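Enquirer: can you look at this prediction? I've put the sequence above it.
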Amino acid sequence: MPREFSKLTEAEKQHMVDAIPLITILVAGADGKMDDNELEWAEKVTKIRSYDHASKLNDYYKLVSDHFASRINEMVIRLPKETAERTQVISEELAKLNPILHKLDAFDAAIYYKNFRTFAEHVAEASGGLLGFASVGPEERAVIELPMLEVFE
């Protein structure tokens, strides 16, 4: 368990862990269809980030990657199928991270915020473009900056 999670309730810890699958579904489904490339790439990124020796978030990503695919499947089943409604529900869920991030010290909150944003970018770039990478559609572009989150710097 990440050290900075000691300040959080169990529900808040789970919400932080669920942030990455929610971001994945938000971005991958922004254009109305979840591309397998985006989902597979998101799972790979969680695994890579769990053993990135330069990262403060290794423990966090270990937690996320342990049940990533099953959480995605559970969420896809329970979330609305219609794109705009699903986007709204996920945006509301992600907005609940704001008070949780405020419970962390400013440095840690900024690291998580920036990581959520870069993760969203990685998912968006996993489909289309040259060899399946580097193409972000307008629907994805509208959500990858995670406007429902407060800026933590």
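Expert: Ah, there it is. Residues are numbered from 1 along each chain as shown.
Enquirer: use CA for all of it now, contacts and neighbours both
Expert: Fine.
Enquirer: where exactly do the helices run in the chain?
Expert: According to DSSP state H, the chain carries its helices in the segments 10-28, 36-50, 58-66, 68-78, 83-95, 97-103, 106-124, 138-143.
Enquirer: now the first one: mean pLDDT?
Expert: When you say that, I think you mean helix 10-28. Over the span of helix 10-28, the pLDDT mean works out to 96.
Enquirer: tell me what it is packed against?
Expert: Helices and strands touching helix 10-28, by 3 or more CA pairs under 8 Å, 6 or more residues apart in numbering; DSSP states H and E, are helix 36-50, helix 58-66, helix 68-78, helix 83-95, helix 97-103, helix 106-124, helix 138-143.
Enquirer: which of the ones you listed has the lowest mean pLDDT?
Expert: Across the helices and strands packed on helix 10-28, helix 138-143 has the smallest mean pLDDT, namely a mean of 82.
Enquirer: how about it: buried residues?
Expert: Across helix 138-143, burial judged by 16 or more other CA atoms under 10 Å covers 140, 141, 143.
Enquirer: show residues contacting that helix.
Expert: For helix 138-143, the surrounding residues in contact (CA atoms under 8 Å, 6 or more residues apart in numbering) are 26, 27, 28, 30, 31, 124.
Enquirer: got the phi and psi for the residue lying closest to the third one once chain neighbours are set aside?
Expert: Excluding the flanking residues, the one nearest residue 28 by CA to CA, 6 or more residues apart in numbering is residue 34, at 4.9 Å. Here the main-chain torsion angles of residue 34 (degrees, to the nearest 10) amount to phi -90, psi 110.
Enquirer: what does stretch 82-94 contact?
Expert: 19, 22, 23, 26, 29, 30, 31, 32, 79, 80, 148, 149.
Enquirer: how near is the third one to residue 112?
Expert: When you say that, I think you mean residue 23. Here residue 23 is placed at a distance of 13 Å from residue 112 (CA to CA, to the nearest Å).
Enquirer: picking that back up, pipe the contacts of stretch 82-94 into a markdown table and attach distance to residue 69 and neighbour count per row.
Expert: Below are the contacts of stretch 82-94 laid out as a markdown table (distance: CA to CA, whole Å; neighbours: other CA atoms under 10 Å):
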| residue | distance to residue 69 | neighbour count |
| --- | --- | --- |
| 19 | 13 | 18 |
| 22 | 12 | 23 |
| 23 | 13 | 24 |
| 26 | 15 | 27 |
| 29 | 15 | 24 |
| 30 | 19 | 23 |
| 31 | 21 | 16 |
| 32 | 20 | 15 |
| 79 | 15 | 15 |
| 80 | 18 | 15 |
| 148 | 24 | 16 |
| 149 | 24 | 19 |
